[in-house]
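Asks: sequence and predicted structure below; questions after.
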Amino acid sequence: MKTTKTTERRGFILSSLFFFCCLCAFASINEVRFDTLLKLGRCSPLNDNQILSFNTNSSSSSSSTNDDNNNKNDIRILIGILTLPDQYQKRHFLRLIYGTQSTPGATIDVKFVFCNLTKEDQKVLVALEIMRYDDIMILNCRENMNKGKTYTYFSSLPEMLNDTNKPYPPYHYVMKADDDTYFRLESLVESLKPAPREDLYYGYVIPCPSMDPFRNYMSGMGYLVSWDLVEWIRESEIPRNHVEGPEDKIFGDWIREGHRAKNRVNAKWSMYNFPEPRTGCTHELWPDTIAVHLLKNQEKWIRTLKYFNVTDNLKPSKLYHIP
């Protein structure tokens, strides 16, 4: 009698296990997760799926690592647009201009640069911009045009940006740009690909008729230097003791007195002033353009943007109609 009960119990257990395994198999085939089954224990088919999912994530991680490696090979550029705290609308407009451009082969950060805030409304509105866009640098200085703002910008960057947990240098190139200059970022990148990444001074050489980048200095519309020169500006007594005066000319003086920038690129005439009024410093808009300067009003911006067909990639949608 006892043996019969034991046999029946074993039969019941085996039947229950068989039924349980069938449910697990069914769940696996139909990709259904039975919470009640998982509470009782994980059956082997579900574990297999977990392993498969892990391997897929591993593959994605590998792909992500490859992307990171590719990014490390990209040209890294910081564009600092010197402006004023109260220029809210201009910053929003420039975010549209630069945020809609693609730059394959490069990582470009566009930052708006100004000195310490002085008004209560600035402290609120600029803080909101930082929270939303994270594209503002506030330097420890008083707003000025020719009393050291450019020096403060370049000399502050090593302390701001050097990070032992990130690639060195943080940027291969650093630019100072005007807020009335339109840069075509992809063209800028293409022009920099063959350029050296050390001891470089790049821009539109002054005076207008000159094509010699070793003569005088680069125009304030936008000039760029390699990271080693940024560090030199921070460390050297030459710029530190000579900060007052026309800042772009003063910058050229630092380079000359310090015997720096043996590598120079004159990007003229791919960089030029807006064609009106006509002067010796400009020409008509043309496709081979890196930068257009002196866009002092919305009409000039619109004419420039239309010429370069910047809205051609607008996706069609039922939500809007733009003829």
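Replies: Nice, I can see it.
Asks: got the phi and psi for the residue nearest the centre of the chain?
Replies: Among the residues of the chain, the one closest to the centroid is D109, at 2.8 Å (CA atoms, centre = their mean). Dihedral pair for D109: phi -110, psi 130, per degrees, to the nearest 10.
Asks: quick one: pLDDT of it?
Replies: pLDDT, D109: 98.
Asks: when you give positions from now on, start the count at 892
Replies: OK, 892 is where the count begins now, so the last one is D1000.
Asks: from P1207, how far out is it?
Replies: 31 Å (CB to CB, to the nearest Å). Heads up, the C-betas are built off the backbone N, CA and C, glycines and all.
Asks: for D1139, same thing?
Replies: D1139 is 44 Å from P1207, where distance means CB to CB.
Asks: of those two, which one has the most company?
Replies: Neighbour totals were compared for D1139 and P1207, and D1139 leads with 21 against 8 (other CB atoms under 10 Å).
Asks: three-state assignment of that one?
Replies: Following DSSP: H, G, I helix; E, B strand; the rest coil, D1139 is assigned to helix.
Asks: pretty sure it contacts G1113?
Replies: No: counting by CB atoms under 8 Å, D1139 sits too far from G1113 to count as a contact (10.1 Å).
Asks: and the pLDDT for S952?
Replies: On the pLDDT scale, S952 is placed at 34.
Asks: for S1208, grab the count of nearby residues.
Replies: By other CB under 10 Å, neighbour count at S1208 equals 8.
Asks: surely it is within a helix?
Replies: No: applying three-state DSSP, one finds S1208 to be coil, outside a helix.
Asks: got phi/psi on it?
Replies: phi -160, psi 150.
Asks: distance of it from H983?
Replies: Note on S1208: its distance to H983, by CB to CB, is 23 Å.
Asks: list the buried residues in stretch 1075-1083.
Replies: Buried residues in stretch 1075-1083, counted by 16 or more other CB atoms under 10 Å: 1075-1080, 1082-1083.
Asks: ok, now stretch 1102-1121?
Replies: 1104, 1107-1118, 1120-1121.
Asks: likewise for stretch 1142-1151?
Replies: For stretch 1142-1151, the neighbour count (16+ other CB under 10 Å) marks 1142-1146, 1151 as buried.
Asks: out of those, who's nearest G971?
Replies: Using CB to CB, the shortest approach to G971 within the buried residues of stretch 1142-1151 belongs to F1142, at 13.1 Å.
Asks: can I get the CA coordinates of the helix or strand hosting the closest one in CSV?
Replies: Here F1142, judged by DSSP states H and E, is contained in helix 1138-1148. Extracted in CSV, the C-alpha atoms of helix 1138-1148 (Å, rounded to 0.1, in the frame of the first residue of the first chain):
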residue,chain,number,x,y,z
GLU,A,1138,42.3,92.5,-30.1
ASP,A,1139,42.8,90.7,-33.3
LYS,A,1140,45.9,92.8,-34.2
ILE,A,1141,47.2,92.2,-30.6
PHE,A,1142,46.7,88.5,-31.2
GLY,A,1143,48.9,88.6,-34.3
ASP,A,1144,51.5,90.5,-32.3
TRP,A,1145,51.6,87.7,-29.7
ILE,A,1146,52.2,85.2,-32.4
ARG,A,1147,55.0,87.2,-34.0
GLU,A,1148,56.7,88.1,-30.8
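Asks: just how off-centre is the helix or strand that that helix is followed by within its chain?
Replies: Next helix or strand after helix 1138-1148 toward the C-terminus (DSSP H and E): strand 1154-1157. Relative to its chain's centre, strand 1154-1157 lies at 24 Å (CA atoms, centre = their mean, to the nearest Å).
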